[in-house]
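Chemist: generate a structure from the sequence data that follows.
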Amino acid sequence: MLLASLSGHPHEAGLDEAGRGCLAGPVFAAAVILPPDFAPRYLNDSKQLSAKRREELRPEICEAAIAWAVAEASPAEIASINIAQASYLAMHRAVAALPVRAAHLLVDGNRFRPLPGFEHTCVIGGDAIYRSIAAASILAKTFRDEHMRTLAAEYPQYGWDRNAGYPTQAHRDAIRAHGPCEHHRLGFRLL
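Modeler: A predicted model of the protein is given here:
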């Protein structure tokens, strides 16, 4: 059973990102403040869930959350400031977009660029420990996957509807055959 909170504050926000290791597309981040009694049966780290289960949980999270927001940093921003800083930027944007001010930030991982005016705690593997981080991981992943499916309609040759921009062999083969496009992260080793 995942934990409801670290700080005990009712407006603690869980933060997580999706798409950090991709070759294409933005990095997405989500911030989620959950009510303390929100504990759906399958809530867990998004990587431990099937795509179908993530899609089932997404509307539950959005409806039950006290507040939630999803934000992104573009491939151009990733190229300009690096993927780690772009991940923090997306997280900062998600926190800024919350309709309720977060009292504490619970961040998945071991590093975070402090956001002025907010206390934070980094938790390695936090998406498998705290409900709010698990919820953030699901929202970041599902919104990013949806974005990549939209891009796939315009760029079907890369298979983003199947690989979401991750470095699969099929994706690398498509880059080799067609070259990269403006949605690829040109600072990354594409081949």
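
Chemist: next one: the host helix or strand of F143 to chain centre, how far?
Modeler: F143 belongs to helix 131-154 when assigned by DSSP states H and E. Centroid separation for helix 131-154 versus its chain: 7 Å, with C-alpha atoms, centre = their mean, to the nearest Å.

Chemist: for stretch 180-191, measure first residue to last.
Modeler: In stretch 180-191, first residue to last residue: 10 Å (C-alpha to C-alpha, to the nearest Å).

Chemist: mean confidence score for that stretch?
Modeler: Regarding stretch 180-191, the rounded mean pLDDT is 92.

Chemist: buried sites along that stretch?
Modeler: Residues of stretch 180-191 classed as buried: 180, 183-185, 188, 190 (neighbour count, 16 or more other C-beta atoms under 10 Å). C-beta here means a position set from N, CA and C on the backbone, and glycine is covered the same way.

Chemist: as a markdown table, those residues with secondary structure would be great.
Modeler: Conversion of the buried residues of stretch 180-191 to a markdown table gives the following (DSSP: H, G, I helix; E, B strand; the rest coil):
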| residue | secondary structure |
| --- | --- |
| P180 | coil |
| H183 | coil |
| H184 | strand |
| R185 | coil |
| F188 | coil |
| L190 | coil |
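
Chemist: closest to G117 out of those residues?
Modeler: The nearest member of those to G117, counting by C-beta to C-beta, is R185 at 30.6 Å.

Chemist: hang on, that closest one packs against I78?
Modeler: Yes: between R185 and I78 there is a contact at 5.4 Å, judged by C-beta atoms under 8 Å.

Chemist: how many residues are close by A84?
Modeler: A84 is flanked by 15 other residues according to other C-beta atoms under 10 Å.

Chemist: can you check G14 too?
Modeler: 30.

Chemist: and it, what helix or strand is that in?
Modeler: Per DSSP H and E: strand 12-18 holds G14.

Chemist: what's the offset of that strand from the middle of its chain?
Modeler: Counting by C-alpha atoms, centre = their mean, strand 12-18 comes out at 8 Å from the chain centroid.

Chemist: that strand: partners in the sheet, and parallel or antiparallel?
Modeler: Here strand 12-18 is paired, per DSSP bridges, with strand 27-33 (antiparallel), strand 104-108 (parallel).

Chemist: ok, A174 to I124 distance?
Modeler: Per C-beta to C-beta, to the nearest Å, A174 is found 34 Å from I124.

Chemist: more crowded one of these two?
Modeler: Taking other C-beta under 10 Å, A174 and I124 do not tie; A174 has more neighbours (19 against 10).

Chemist: that one: helix or strand, and which one exactly?
Modeler: Applying DSSP H and E, one finds A174 within helix 169-178.

Chemist: which parts of that helix are buried?
Modeler: 171-172, 174-175.
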